[in-house]
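Chemist: Quick one: sequence and predicted model below, then my questions.
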Amino acid sequence: MNPWLRLSMNTWMLGVEAAGVIALRSLKLAGGGVDAASEAQRMVAEKIDAAVAVQSELARGALSGAPHAAPARAVALYRRKVRANRRRLARAG
């Protein structure tokens, strides 16, 4: 498959998967209470951790002489994180 098409499809899938996680998280946050506060804190911490991990991937790509691979690696990393959240939130629901 063409690398640009693969990246486009993976980016589109990331958006679809993220929308599902947003819906699950919204339900949890709407419930209020300790679980909602914990989820809100977790969400912020995860976003910071993911941003640091992506920056690391981008730097690694630049230093290894393969910066062209960084976008696909970044999308793959975010998709893994989003899928893990979807599984966790679906179980808790």
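Modeler: Sure thing, it's come through.

Chemist: So for the protein, the centremost residue is which one?
Modeler: Central residue of the chain (C-alpha atoms, centre = their mean): residue 78, 3.2 Å from the mean position.

Chemist: hang on, that one packs against residue 11?
Modeler: No. Between residue 78 and residue 11 there is no contact under C-beta atoms under 8 Å: 9.2 Å. Bear in mind the C-beta positions are built from the backbone N, C-alpha and C, glycine included.

Chemist: quick one on the thing from earlier: give me every residue that touches the residue nearest to the centre of the chain.
Modeler: Counting by C-beta atoms under 8 Å, 6 or more residues apart in numbering, residue 78 makes contact with 14, 50, 54.

Chemist: would you turn these into a markdown table with neighbour count, pLDDT and secondary structure?
Modeler: Listed next are the contacts of residue 78 as a markdown table, based on neighbours: other C-beta atoms under 10 Å; pLDDT from 0 to 100; DSSP: H, G, I helix; E, B strand; the rest coil:
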| residue | neighbour count | pLDDT | secondary structure |
| --- | --- | --- | --- |
| 14 | 18 | 97 | helix |
| 50 | 16 | 93 | helix |
| 54 | 17 | 91 | helix |
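
Chemist: and of these, the nearest to residue 82?
Modeler: residue 14 (6.5 Å; C-beta to C-beta).

Chemist: so which strand or helix has the closest residue in space to that closest one that isn't next to it in sequence?
Modeler: What sits nearest to residue 14 in space, not counting adjacent residues and going by C-beta to C-beta, 6 or more residues apart in numbering, is residue 79, at 5.1 Å. With secondary structure defined by DSSP states H and E, residue 79 is part of helix 70-92.

Chemist: What of residue 41?
Modeler: Assigned by DSSP H and E, residue 41 belongs to helix 33-64.
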